[in-house]
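Asker: Dropping a prediction and its sequence here:
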Amino acid sequence: MMLMTFVRAVLVGLLLAAAPAAALAAQPPAQEGFVPVDQLPGAEELPAAPLVAAAYAVAWAAVLIYLFSIWKRLGAVEREIADVARRIEGRGSR
Amino acid sequence: MKRLFPVLLILCIGMFAYAPFLIVNAPYESTMGLVQKIFYFHVAAAMTMFVAAFTCGIASAVFLFGRRPGADRVGFAAAEITVLLGLIVLISGPLWARKAWGVWWQWDARLTSTLVMWLVFQAYLLLRRFGGPGSDKLSAAVAIFGAALVPFVYWSVNMWRTVHPTTSVVPTLDASMRGPLFWCFGAFLCLFLLLLAARTELQERRARLDDLYLALEDS
């Protein structure tokens, strides 16, 4: 149990540390000196549809995963409540 | 709230089901085209994130100064939802930026302050999980600071030069785009209330479980 908690803490820590690092890595490299205009790369043609689909998919996935986690946690607490209530009843009937 | 839950659930499902039709039928923005459609979920999630952060801050202040455990449960629930909505904002934003600005991320005032605010609410959750006894009060103080960041995040685009659009975009929005945006905002607000009710219920059951453990020790 302690090991799992430690592993989770390390994972969360790594995730938090990785967020700014990933964002920093996403920055385009700084331009060193002047670049003649005829040496510029061609205009980037990035399709928009996958980006729009990804944005909406991420939103839905995040909400659904969160809903599932609430449902799982509610179930676990309910089972524990029933178990403790049974133990109290057992002691009371002795 | 429990009586309102089924009504909110039906309303939320209905609003989210109809939202894609409104978004698809909204006109294309002149310079960004299709990718601007991310706006309807990105901005609606951001506005709801602010509502969630304020809810967390106010509930935490009520808990700290009014000693009401019920307010702490609402604050804890709202903090988790702030992190969830922040995640949606912080992922959908870069996906839009990649096409609109040519980069995934810019360390400008709006993006950086949003990330910092999100990390503050992450800190709240980490404190609750690993802080031990008394972490409820410590995290409540963190939540007040987190909520205090909301005006800075909102006004950052007007106070500093940023690549992110300013706050004038939404008030001056064309009616054909304003309708879908506020529809999505309404849907996200319903979702926020639903998640808040469900998550607060979980905290209440955990409090009941703690009481039962105390009763078990006494018996």
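Answerer: Received, thanks. Numbers count the residues shown, from 1 in each chain, chains lettered A, B, ... in the order given.
Asker: I'd guessed residue B:79 sits against residue B:125; true?
Answerer: Yes - using C-beta atoms under 8 Å, residue B:79 is in contact with residue B:125, at 6.0 Å. Bear in mind the C-beta positions are built from the backbone N, C-alpha and C, glycine included.
Asker: Who has more neighbours out of those two?
Answerer: residue B:79 (32 against 17; other C-beta atoms under 10 Å in any protein chain shown).
Asker: Does residue B:166 belong to a helix, a strand or coil?
Answerer: Look at residue B:166: counting by DSSP: H, G, I helix; E, B strand; the rest coil, its state is coil.
Asker: which phi and psi does it have?
Answerer: Per-residue torsions, residue B:166: phi -80, psi 180 (degrees, to the nearest 10).
Asker: Could you do the one 3 residues further on as well?
Answerer: With angles defined as degrees, to the nearest 10, residue B:169 shows backbone torsions of phi -60, psi -50.
Asker: Over to residue B:29?
Answerer: According to degrees, to the nearest 10, residue B:29 has phi -70, psi 140.
Asker: shared neighbours, residue B:79 and residue B:125?
Answerer: Residues touching both residue B:79 and residue B:125 (C-beta atoms under 8 Å, 6 or more residues apart in numbering or on different chains): residue B:139.
Asker: which residue of chain B sits farthest from its center?
Answerer: residue B:219 (42.9 Å; C-alpha atoms, centre = their mean).
Asker: Quick check, it in contact with residue A:91.
Answerer: Yes - Residue B:219 lies in contact with residue A:91 (C-beta under 8 Å); the separation is 4.7 Å.
Asker: who touches residue B:155 in this structure?
Answerer: residue B:167.
Asker: Where do the strands of chain A begin and end?
Answerer: Counting by DSSP state E, chain A has no strands at all.
Asker: Quick one: low-confidence residue ranges for it.
Answerer: For chain A, applying pLDDT under 70 flags the ranges A:1-4, A:12, A:15-16, A:19-45, A:93-94.
Asker: rerun that using 80 as the cut-off
Answerer: A:1-46, A:92-94 (pLDDT under 80).
Asker: need the longest helix for it.
Answerer: For chain A, the longest helix by residue count, based on DSSP state H, is helix A:49-93.
Asker: Can you spell out which helices and strands pack onto that one?
Answerer: Judged by 3 or more C-beta pairs under 8 Å, 6 or more residues apart in numbering or on different chains; DSSP states H and E, helix A:49-93 is in contact with helix B:39-66, helix B:69-100, helix B:175-218.
Asker: Redo these as CSV? Include mean pLDDT.
Answerer: CSV is the format used below for the helices and strands packed on helix A:49-93 (pLDDT from 0 to 100):
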stretch, mean pLDDT
helix B:39-66, 96
helix B:69-100, 95
helix B:175-218, 93
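Asker: out of the ones you listed, nearest to residue B:154?
Answerer: Residue B:154 lies closest, by C-beta to C-beta, to one member of those: helix B:39-66, at 6.9 Å.
Asker: Would you agree residue B:181 is in contact with residue B:39?
Answerer: Yes - assessed by C-beta under 8 Å, residue B:181 is found in contact with residue B:39 at 7.2 Å.
Asker: Looking at the two, which one has more neighbours?
Answerer: residue B:39 (24 against 21).
Asker: separation between that one and residue B:150?
Answerer: Distance from residue B:39 to residue B:150, counting by C-beta to C-beta, to the nearest Å: 20 Å.
Asker: Measure how the longest helix of chain A sits relative to helix B:39-66, angle-wise.
Answerer: 30 degrees (axes from the mean of the first three to the mean of the last three C-alpha atoms, to 10 degrees).
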